[in-house]
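> take a look and give me a structure for this.
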Amino acid sequence: MEPPPPLLSLLLLPLLLLTAGSNTATAAGDGCSIGTGCDLALGSYLVASDQNVTYIGQLFGLGDDYRLLRLNVSFTCQCLARPSDPAATYLAGSFPHKVVTGETYTSIANQYNNLATADWLAATNIYPPNSILDIATVNVTVNCSCGDRAVSDAYGLFLTYPLRDRETLASVAASHGFSSPGQLDMIRKYNPGMDGVTGSGIVYIPVQDPKGSYRPLQSSGEPLSFCEIILALR
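Residues are numbered from 1 along each chain as shown. As a prediction, this is how the structure comes out:
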């Protein structure tokens with residue numbers, strides 16, 4: 001993959017994508033059934049100062065040379081199985097990454113800005129960490145959530161959010177409108193083990209769709225009519 005061109009300017013612009021996710025995050029949907037999942041999930045990608053959408057487009061299959069601060073990448077959230085243990089299932093989106101000579105799971109994960117980790121790539125691909133073929137395609141698996149009926153039926157669209165410096169589950173929840181004691185208790189149930197963690201790991205936050213509505217938990221396999229990239233104006 002070519003190195004990212006320098007960032008010359010910042011321009012926020014909505015984009016559309018046709019339908020086709022220290023402390024490591026616990027994969028949402030552990031023990032899910034193959035063939036289940038949801039048609040839309042979002043991943044929060046923090047754009048570095050030396051990246052633009054041409055480069056990001058190579059990572060996620062996008063395009064157009066617009067400069068962004070942060071974007072939420074949409075993808076299908078599927079129930080997948082670990083290659084070494086088909087019984088170990090989890091919810092994730094999968095982005096194929098064509099390996100360049102010399103790349104490792106660590107260098108590949110670094111390009112996805114904490115949406116994936118080297119350990120997670122090693123666990124979800126067939127290549128040993130020290131034997132990745134130069135012609136290989138590595139599946140970059142981004143964990144995701146479709147919601148949990150045991151917590152609430154009201155939320156079915158979730159953002160996979162990597163915690164950054166000084167961020168916590170509570171601070172990210174508050175920035176998305178969940179700040180009351182009852183709301184925070186609900187968010188904690190979606191993210192067991194992440195309360196009190198600062199600056200690392202992945203959390204799952206309910207988010208509104210482009211029409212400004214929270215999508216209720218859907219039945220497995222229920223189709224959605226669109227799939228979008230939504231710019232985060234935070």
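
> go through stretch 144-156 and flag the buried ones.
Using 16 or more other CB atoms under 10 Å as the test for burial, stretch 144-156 gives 144-148, 151-152, 155-156. In short, each C-beta sits where N, CA and C put it, glycine included.

> what does stretch 195-202 give?
Applying 16+ other CB under 10 Å to stretch 195-202 flags 197, 200-202 as buried.

> JSON lines for these, including distance to residue 177?
Below are the buried residues of stretch 195-202 laid out as JSON lines (distance: CB to CB, whole Å):
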{"residue": "197", "distance to residue 177": "21"}
{"residue": "200", "distance to residue 177": "24"}
{"residue": "201", "distance to residue 177": "21"}
{"residue": "202", "distance to residue 177": "20"}
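
> what sits up against stretch 188-204?
22-26, 28, 114-115, 143-145, 148, 151, 158-170, 172, 187, 205-206 (CB atoms under 8 Å, 6 or more residues apart in numbering).

> any low-confidence regions in this protein?
Where the chain drops to pLDDT under 70, the residues are 1-29, 39-40, 42-71, 219-234.

> that one: helices as residue ranges?
53-60, 105-111, 118-123, 169-175, 181-190 (DSSP state H).

> so for residue 87, which of the ones you listed sits nearest?
helix 118-123 (13.9 Å; CB to CB).

> so where do the strands sit in the protein?
15-16, 37-46, 70-82, 85-98, 137-143, 158-162, 202-206, 228-231 (DSSP state E).

> need those strands in CSV (columns: distance to residue 128).
Listed next are the strands of the chain as CSV, based on distance: least, CB to CB, whole Å:
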stretch, distance to residue 128
strand 15-16, 37
strand 37-46, 26
strand 70-82, 14
strand 85-98, 15
strand 137-143, 12
strand 158-162, 26
strand 202-206, 25
strand 228-231, 34
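
> residue 218: which of the ones you listed is closest?
That would be strand 37-46 among the strands of the chain, by CB to CB, at 6.3 Å.
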